[in-house]
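S.K.: Show me how the following folds:
(one chain, ligands or ions: 3)
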Amino acid sequence: MQQHSTLGEFIIENQKQFKYSSGELSRLINSIRLAAKVVNHEVNKAGLVDILGTAGDTNIQGEDQQKLDVYANTIFMETLTNRQIVCGIASEEEDDFVTISGNDQTNNNKYVVLIDPLDGSSNIDVNVSVGTIFSIYRRITNPGTPVELKDFLQEGNKQVAAGYIVYGTSTMLVFTTGHGVNGFTLNPAIGTFYLSHPDMTFPKDGTIYSINEGNYVHFPQGVKDYLKYCQMEEGDRPYTSRYIGSLVSDFHRNMIKGGIYIYPTSSKAPKGKLRLLYECNPIAFLAEQAGGKASDGYRRILDIKPTELHQRVPFFCGSINMVDVAENFMKNYPDDANY
Ligand SMILES: O=P(O)(O)OC[C@H]1O[C@](O)(COP(=O)(O)O)[C@@H](O)[C@@H]1O
Ligand SMILES: [Mg+2]
Ligand SMILES: [Mg+2]
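M.R.: Ligands and ions are numbered 1, 2, ... in the order given. Next up, the predicted model:
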């Protein structure tokens, strides 16, 4: 007999904790749960169906869209649109934000969602775990009026909820509404998410670092110095290098075991690679809610004022003591703070 509470039960039990709890946020998280199950079903049989490889188009960031990027985007967009629970959606795979309006062209809903439908796209074809990342804000324009860009360009510290789904050895949905972080594992036999990881907490320290060292020559000096520190024979070092190449999966492992993930600027990617609004902000919110830390090497990610929908920022995220040490190396090169 299943002892764990289900995600549905957890949402009902904790709804009163949700900011402005009127049931709308619960319905929204429930819809994300539904879309996650549909995408999970397709991910699991990738290789048997025509879902591998590129879709033939590029997104606004010039990346070749994978078929699963497009599929996951369609499922999340349709699921959230059809249920009339959001007033706008921004996605990695959509050039501009999408306004969801009712039959009367207005929308009285309070929330906007920003989403990375499929994270870790380079791993889809090689059967390595991938994910979905979501971030939820309360709109700042008045309900009933058209949604505007400013509803999406809010600082990360204004998020009302954020989370990810990892499609790995098991499928998990991990999220926060600002009251800690909880993880739910999908029981594929009955299609139900169960609370398997209550109150997830980032170990203050760890011995894992995650970075694409293939870009080493392009890294800022502060990052090179930190990597040398990680690899020195001293105390609990050298640390172990682990890099899956899916932000969600690397973050998930580091949150459980302790570790740091870094995607810095480089001469190839002057502003870094990861997108502030639907990758860094939601992951940073989760990290902080679990007792970890997230910055761009200098500033708290959640305090960065966004200026563009698809803007990129450098990302340092993980165990608080490890991020502190990495930042101390970056501080030696203050000019690199102006990326
Ligand atoms: O291959 P690289 O340059 O190391 O980049 C890997 C990083 O890029 C990403 O794949 C970017 O996300 P998308 O796959 O959603 O575009 C991260 O998940 C991952 O951490
Ligand atoms: Mg991504
Ligand atoms: Mg993506």
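S.K.: can I get the CA coordinates of the helix or strand bottoming out on mean pLDDT in the chain in PDB?
M.R.: Among the helices and strands of the chain, strand 54-58 carries the lowest confidence by mean pLDDT, DSSP states H and E, at a mean of 82. The C-alpha trace of strand 54-58 is given here as PDB (Å, rounded to 0.1, in the frame of the first residue of the first chain):
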ATOM      1  CA  THR A  54      16.100  17.800 -35.400                       C
ATOM      2  CA  ALA A  55      12.800  19.300 -36.400                       C
ATOM      3  CA  GLY A  56      14.400  21.300 -39.200                       C
ATOM      4  CA  ASP A  57      13.800  24.800 -37.700                       C
ATOM      5  CA  THR A  58      15.900  27.000 -35.400                       C
END
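S.K.: and after it, which helix or strand comes next?
M.R.: strand 64-66 (DSSP states H and E).
S.K.: Report the rounded mean pLDDT for the helix or strand following that following strand.
M.R.: Following strand 64-66 in sequence order, the next helix or strand is helix 67-82 (DSSP H and E). Throughout helix 67-82, pLDDT has a mean value of 94.
S.K.: One more: stretch 213-230?
M.R.: 97.
S.K.: likewise stretch 133-146?
M.R.: So the average pLDDT for stretch 133-146 ends up being 94.
S.K.: That one and ligand 3 in contact?
M.R.: No. Using C-beta under 5 Å from the ion, stretch 133-146 never reaches ligand 3; the gap is at least 7.8 Å. The C-beta positions use only the backbone N, C-alpha and C, and glycine is treated the same way.
S.K.: The least confident helix or strand of the chain to helix 67-82, inter-axis angle?
M.R.: For strand 54-58 against helix 67-82, the angle by axes from the mean of the first three to the mean of the last three C-alpha atoms, to 10 degrees is 70 degrees.
S.K.: Determine how far strand 54-58 lies from the middle of the whole chain.
M.R.: 23 Å (C-alpha atoms, centre = their mean, to the nearest Å).
S.K.: list the contacts for whatever residue of the chain ends up closest to ligand 2?
M.R.: Closest approach between the chain and ligand 2, counting by C-beta to the ion: residue 119, at 3.5 Å. Each residue near residue 119 by C-beta atoms under 8 Å, 6 or more residues apart in numbering is listed here: 130-133, 164, 246-248, 279.
S.K.: run the last query once more with 7 Å
M.R.: By C-beta atoms under 7 Å, 6 or more residues apart in numbering, the contact set of residue 119 is 130-133, 246-248.
S.K.: Now, those that are in strands?
M.R.: Among the contacts of residue 119, the members falling in strands (DSSP state E) are 130-133.
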